[in-house]
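Trainee: Build me a model from this:
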Amino acid sequence: MRRRTLLASALPWPGGATTARVAGMLAAAAASPMALGAPAQPGEAVRWPTVRLLDGQTWSAEQVKGQAVVVVFWSTTCPFCLRHNAHVEKLHRTLAGKPVQILTAARDRDPAAVRRYLQRHGYGFAVTMDHEPLQQALAARKVIPLTVTVDRQGRLRQVIPGEMFEEDVMALQNLT
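Mentor: The predicted structure is shown next:
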């Protein structure tokens, strides 16, 4: 699978951190994975948390039985996420009626800003702001965008850091 990760060393992150500082924090977190909980490893069953979607509905493990799931972590302030989310939206529209769900987790604090972002770009995929329990269940990495795939048996298949090419995102429809 071809993919690209586009991070500049001086890229500002929320809270004034730079990519280099964030990379240092991620390295420290990787050295102590128990501090982040116990995310599933590839091939292991995912323990899905129940999360509240931006529209107020609840999303739970019961809703994904027998379905594959693509989870994408992102932020409204991330230019790489903007391009990546355009591909995710195309995948979302392609998968309508198929046994694959797309759930995205916005790493933002302001629900109104996330709603405006979704409306401005015409995105219709499911969004939660409960990113922490999803992160603990799926991946210790906190890079964005971060794409996680889970097969129809509920096993973690892939954790893909960074922006992906459109054809790589569209290949995720093969989870069915």
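Trainee: residues touching residue 62, list them.
Mentor: With contacts taken as CB atoms under 8 Å, 6 or more residues apart in numbering, residue 62 has no neighbouring residues. Yep, even glycine has a C-beta here, placed from its N, CA and C like the rest.
Trainee: quick one: it is in a helix?
Mentor: Yes: read with DSSP: H, G, I helix; E, B strand; the rest coil, residue 62 is one of the residues of a helix.
Trainee: Tell me how far it lies from residue 42.
Mentor: From residue 62 across to residue 42, the span is 24 Å (CB to CB, to the nearest Å).
Trainee: Equivalent analysis for residue 96, please.
Mentor: Taking CB to CB, one finds residue 96 at 28 Å from residue 42.
Trainee: Confidence-wise, which helix or strand of this protein is lowest on average?
Mentor: The least trusted helix or strand in the chain, going by mean pLDDT, DSSP states H and E, turns out to be helix 19-31, with a mean of 45.
Trainee: which is the next helix or strand following that one?
Mentor: Later in the chain than helix 19-31, the nearest helix or strand by DSSP states H and E is strand 51-52.
Trainee: contacting residues around residue 69?
Mentor: Contacts of residue 69 (CB under 8 Å, 6+ apart): 100-103, 149-150.
Trainee: now, which of these sits nearest residue 162?
Mentor: residue 149 (14.6 Å; CB to CB).
Trainee: Tell me the secondary structure at that closest one.
Mentor: The three-state label given to residue 149 by three-state DSSP is strand.
Trainee: doesn't residue 172 make contact with it?
Mentor: Yes: under the criterion of CB atoms under 8 Å, residue 149 makes contact with residue 172 at 6.2 Å.
Trainee: so what sits against both of the two?
Mentor: Counting by CB under 8 Å, 6+ apart, the common neighbours of residue 149 and residue 172 are residue 70.
Trainee: out of those two, which sits in the more crowded spot?
Mentor: Neighbour comparison, residue 149 and residue 172: the larger count goes to residue 172, with 25 against 20 (by other CB atoms under 10 Å).
Trainee: Now that one: closest residue in space, sequence neighbours ignored.
Mentor: residue 70 (5.3 Å; CB to CB, 6 or more residues apart in numbering).
Trainee: Also residue 106?
Mentor: Looking at residue 106 with CB to CB, 6+ apart, the closest residue is residue 114, at 4.8 Å.
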